[in-house]
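In: Quick check, what structure comes out for this input:
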Amino acid sequence: MLARRFLGCVFVLALLAVAGGFAVYQFGGRALVRMSTPHGHFEPQPPGSGPDYAQTANWLDSAASWEPDGAPIDKRVGPAPAATFYIHPTTYLETDRWNAPLLPDGETEARTQLFVRHQASAFTGESQVWAPRYRQAAFGAFLLRTADAKKALDLAYGDVARAFETFLAANGGRPIILAGHSQGALHLLRLLKDKKDILKGRLIAAYVIGWPVGITADLPATGLAPCQLANSTGCVLSWQTFKAPANPALVLNSWVGTEGLAGRPRTRADILCVDPVSGSINGRSAASANPGTLAPDAAFTTATLERGQVGAACDHGFLTADGNIPSLGNFALPGNNLHPYDYALYWGALRADVARRTNAFEAAK
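Out: So this is what the prediction gives:
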């Protein structure tokens, strides 16, 4: 059975990292907005004050090398054929500023390390992972549509874009995998649009997880299509996980009707869902087909990969998880939203998906 302590911990570290809480305003009302909005106004940062990505201290790559007990041992021997650029979700929950400090410490650093370990590690079987630190927008920036909030998000994205340039320069013509979650997925979607010419012919796949992606409202601006099949390459995967009975109204209320990257209005029927187990758009997979869900020990000192625990089914744009889902108690998000577990529930499936698409990409070349 999945360890409740682990998933509860990941939720506390990710809850509020939901940057995925598009509608957190509705989740908690005005009181939450007052408690979470950063003090004062956004303060522009001096030129050159951002991360120097030539310095190893501004990368979190070592955390991505973590492996759960029971992880597949058939990793490639020798240099990895691909390079993964992974953008972590929101881990800064303070209200003293609109963007996290360059090198955070304490709880923010612990949260960041945890996310990189249990998410980015899924990509290490086939690739070398690059995970930049960046001046992420504070959680409160997602509660308001104000000039301060927009500037905070733009500053965070600016760091991500510069980190990506360093990543590109260091990896020559190697095939590329892109991944992110929540706030990281939001920045990744924007990166796909801004860097679409550079990515042509090099992208194995982009994993835009925990953030809605419009098939016609967003993807045309990136020049990319959804991943239709398990061996499709140069395409985009996205899912947002719920358990039954799912009620995604809070997400939909804040997303439907907004303008997509392609200048078209986002609609309920337009949300991309790729089943992470089968790797196919609008797919469905039994729990027995899931190669592994992360399940730590009671002391939360290590984790094992438990196979055949959780199924997946795309249903009107959202992913429904079934099978051995733990009781989340007070940690449940409204509407049975499993946003904090988008990666953990399907860690083994993600690693297998990356291997399939990397092999298909190499075969095509």
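In: which one's the longest helix in this protein?
Out: Determined from DSSP state H, the single longest helix within the chain is helix 147-170.
In: Using PDB, write down the CA coordinates of stretch 56-70.
Out: Output in PDB follows, covering the C-alpha atoms of stretch 56-70 (Å, rounded to 0.1, in the frame of the first residue of the first chain):
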ATOM      1  CA  THR A  56      27.400  24.600 -10.500                       C
ATOM      2  CA  ALA A  57      25.800  26.100  -7.400                       C
ATOM      3  CA  ASN A  58      22.900  27.300  -9.600                       C
ATOM      4  CA  TRP A  59      22.100  23.800 -10.700                       C
ATOM      5  CA  LEU A  60      20.300  21.000  -8.800                       C
ATOM      6  CA  ASP A  61      21.500  18.200 -11.000                       C
ATOM      7  CA  SER A  62      22.800  16.100  -8.200                       C
ATOM      8  CA  ALA A  63      19.400  15.700  -6.600                       C
ATOM      9  CA  ALA A  64      18.100  14.200  -9.800                       C
ATOM     10  CA  SER A  65      20.500  11.300  -9.500                       C
ATOM     11  CA  TRP A  66      18.400   9.800  -6.700                       C
ATOM     12  CA  GLU A  67      16.900   6.400  -7.300                       C
ATOM     13  CA  PRO A  68      14.100   4.600  -5.400                       C
ATOM     14  CA  ASP A  69      14.600   1.100  -4.200                       C
ATOM     15  CA  GLY A  70      13.400  -1.300  -6.900                       C
END
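In: still on that earlier bit, point out the other helices and strands that the longest helix of the chain packs with.
Out: strand 82-87, strand 127-130, helix 183-194 (3 or more C-beta pairs under 8 Å, 6 or more residues apart in numbering; DSSP states H and E). The C-beta positions use only the backbone N, C-alpha and C, and glycine is treated the same way.
In: Out of the ones you listed, which is the most enclosed?
Out: Each of those was scored by mean neighbour count; the highest is strand 82-87, a mean of 26, by mean count of other C-beta atoms under 10 Å.
In: avg pLDDT for that strand?
Out: The average pLDDT for strand 82-87 rounds to 98.
In: and the angle from it to helix 147-170?
Out: With axes from the mean of the first three to the mean of the last three C-alpha atoms, to 10 degrees defining the directions, strand 82-87 sits at 160 degrees from helix 147-170.
In: So what are the sheet partners of strand 82-87 and their directions?
Out: Here strand 82-87 has these sheet partners by DSSP bridges: strand 127-130 (parallel), strand 176-181 (parallel).
In: Point out where the stretch 101-250 of the chain drops to low pLDDT.
Out: The model of the stretch 101-250 of the chain has pLDDT under 70 over residues 143.
In: gap between the longest helix of the chain and the chain center?
Out: On the basis of C-alpha atoms, centre = their mean, to the nearest Å, helix 147-170 sits 16 Å off its chain's mean C-alpha point.
In: now the helices and strands packed on helix 147-170 in JSON lines, with distance to Asn58?
Out: Output for the helices and strands packed on helix 147-170, formatted as JSON lines (distance: least, C-beta to C-beta, whole Å):
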{"stretch": "strand 82-87", "distance to Asn58": "13"}
{"stretch": "strand 127-130", "distance to Asn58": "11"}
{"stretch": "helix 183-194", "distance to Asn58": "16"}
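In: wait, which of the ones you listed is closest to Gln45?
Out: helix 183-194 (17.0 Å; C-beta to C-beta).
In: Next, the buried residues of the longest helix of the chain.
Out: Within helix 147-170, the residues that count as buried by 16 or more other C-beta atoms under 10 Å are 148-149, 151-153, 155-157, 159-160, 162-164, 166-168.
In: ditto for stretch 254-263
Out: Ser254, Trp255, Val256, Gly260, Leu261.
In: got it, and stretch 88-97?
Out: So stretch 88-97, judged by 16+ other C-beta under 10 Å, has buried residues His88, Pro89, Thr90, Thr91, Tyr92, Leu93, Glu94, Thr95, Arg97.
In: Please tell me how far the second one sits from Ser238.
Out: Counting by C-beta to C-beta, to the nearest Å, the gap between Pro89 and Ser238 amounts to 14 Å.
In: again with the fourth one
Out: In this view, Thr91 and Ser238 are 21 Å apart by C-beta to C-beta.
In: do the same with the third one
Out: Distance, Thr90 to Ser238, by C-beta to C-beta: 18 Å.
In: which stretches of the protein form helices?
Out: 4-14, 24-36, 106-115, 147-170, 183-194, 196-199, 249-255, 347-364.
In: Next, the angle from the fourth one to helix 183-194.
Out: Interaxial angle, helix 147-170 versus helix 183-194 (the same axes, to 10 degrees): 70 degrees.
In: Quick check: the residue lying closest to Gly184 once chain neighbours are set aside vs Ser280, distance?
Out: The spatially closest residue to Gly184, leaving aside those adjacent along the chain, is Ile87, at 3.3 Å (C-beta to C-beta, 6 or more residues apart in numbering). Look at Ile87 and Ser280: by C-beta to C-beta, they are 25 Å apart.
In: Of all the residues in stretch 266-273, which ones are buried?
Out: Buried, per 16+ other C-beta under 10 Å, within stretch 266-273: Arg266, Thr267, Asp270, Ile271, Leu272, Cys273.
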